[in-house]
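Asker: I'd like to go over a predicted model; first the sequence, then the structure.
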Amino acid sequence: MRARTFEVVLGLMLIACSTEPRQITLPPLPARGNGAGESEFDNPGSILAEGGSDASTAQNDAAFGDDSCVDGLVRAIPIPPKVVLVLDGSCSMSTDYPANGAQSASRCTRNAGGRWTALRNALVGTQGVVSKLEKAIAFGLVVYGTQPRCPIPGQPVTAALGNLARIRAALPQVQPGLNTPTGPALDWVYENLITTQRPDQRGASQLVILATDGEPNSCGSLGFGLGGEETNYQPSIDAVKKGTSKGATTYVISLADAEGPFHDHLQQLANLGDPEAHGSAKLYEPASPDQLTEALETLAAAALSCEIELGGSILLDQACDGMITLGGMPLACNDPNGWAPIDERHIRLQGTACDELQAHTTAVVEAKFACTGFRPD
């Protein structure tokens, strides 16, 4: 029997700097039955082998193929990350941005040049990160404060693809206020919006991006922030530890002119939230609206996964017999700057190959495996 192969073609529209939707692009499928005993299909779960007989039984063979081996295009799905935006909705977010030494605002007002407006524009404005990446990243949103209830005055938005309209609607022109219950809000997020993942478990990466400008306090014994105005760092520390234990990575953006103990606290949260940084995590401190947008774009682009889920299964001992190309250039298997099989259903681009995939707005990955080593769903 002559050799045949499956071709897995992934058109990954990664849009860290583009408004184009991220999608899988496959070549047109020719008509079934090409007269050569081979079959093309657009439903990989139902493959007709030579002579038109059902090949599903033969595909259960350990080698995945014999006379039932057929060519076919197999859909593959990039794994979208989950990014939960946790935003400080206290009244100090009405302060001019940058503040240039001015005193923080004590009332919640609409300020076109303020921190809250800059944050809202950086997320859901025309060129905002959610606006550009909603098709590639499952964004969620929590705005926290103490009015009319604490710690989350409004309705949280559960992370999902295509969430721009819901997130925009949940971001008022003026933040709710009044105080800054960061710890209780983070604890709620990790408890309700983050799924526990083991280190060896396959699944979407989970990121929490905290943007704040104020010393953390609490809901207080009387509720609505009353009696809870005193600064308390410990609830935030405990909450981030909980998130890390569940497999989430937390990044911190400071919109304040933070210094002293408050700055040190935010750096501590950044370190706890990103254990892979080994105590040297970056605390993002943008000094202008443009720098804020850049920081959010950097974090969102880094969240884009280089892991790819195949629409079928590969035999791991034959995986490296396959050919993977990125932009037409072949990648070496199990190379630190190439690709590697993760398990029967997933591959990962690594090192410079991953960097290239994330950096370009349109990156095409092509994979070809022998049909004896690949079984479609």
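Answerer: Great, that's in hand.
Asker: okay, strands next: where are they in the stretch 51-200 of the chain?
Answerer: Using DSSP state E, counting those that start in this stretch, the strands of the stretch 51-200 of the chain run over 76-78, 82-88, 138-144, 157-160.
Asker: then E366 would be within a helix, right?
Answerer: No: using DSSP: H, G, I helix; E, B strand; the rest coil, the assignment for E366 is strand, not a helix.
Asker: got a list of what the residue most central in space within the chain touches?
Answerer: Nearest to the geometric centre of the chain sits P81, at 2.5 Å (C-alpha atoms, centre = their mean). By C-beta atoms under 8 Å, 6 or more residues apart in numbering, the residues touching P81 are 137-138, 204-207, 303-305. The C-beta positions use only the backbone N, C-alpha and C, and glycine is treated the same way.
Asker: how many residues are close by Q173?
Answerer: Look at Q173: counted by other C-beta atoms under 10 Å, it has 9 neighbours.
Asker: can you check N100 too?
Answerer: N100 has 8 neighbours, counted by other C-beta under 10 Å.
Asker: local confidence estimate at it?
Answerer: Listed pLDDT for N100 reads 88.
Asker: follow-up on the earlier one: need the max-distance pair from the contacts of P81.
Answerer: Greatest spacing in the contacts of P81, by C-beta to C-beta: Q206 and L304 (13.7 Å).
Asker: before we move on, the earlier item: ok, the residue nearest to the centre of the chain to L164 distance?
Answerer: If you measure P81 against L164 using C-beta to C-beta, to the nearest Å, the figure is 16 Å.
Asker: residues in contact with the residue nearest to N111 when sequence neighbours are not counted?
Answerer: Excluding its sequence neighbours, the residue lying closest to N111 (C-beta to C-beta, 6 or more residues apart in numbering) is S94, at 4.9 Å. Going by C-beta under 8 Å, 6+ apart, S94 touches 105, 107-111, 114-116, 174-175.
Asker: return the member of these nearest to L296.
Answerer: Relative to L296, the closest of the contacts of S94 is R115; by C-beta to C-beta it sits at 13.6 Å.
Asker: what's the neighbour count on the closest one?
Answerer: The burial count for R115: 28, using other C-beta under 10 Å.
Asker: and R348, bridged to which residues?
Answerer: For R348, the beta-bridge partners are E307, A340 (DSSP bridges).
Asker: which residues sit in contact with it?
Answerer: R348 touches 306-308, 339-340, 342, 354, counting by C-beta under 8 Å, 6+ apart.
Asker: then K82?
Answerer: By C-beta under 8 Å, 6+ apart, the contact set of K82 is 137-138, 140, 159, 204-207.
Asker: quick check: the farthest pair among those residues?
Answerer: Greatest spatial distance among the contacts of K82 (C-beta to C-beta): G140 and S205, at 13.5 Å.
Asker: the more surrounded of those two?
Answerer: Counted by other C-beta under 10 Å, G140 and S205 do not tie: G140 has more neighbours, with 24 against 19.
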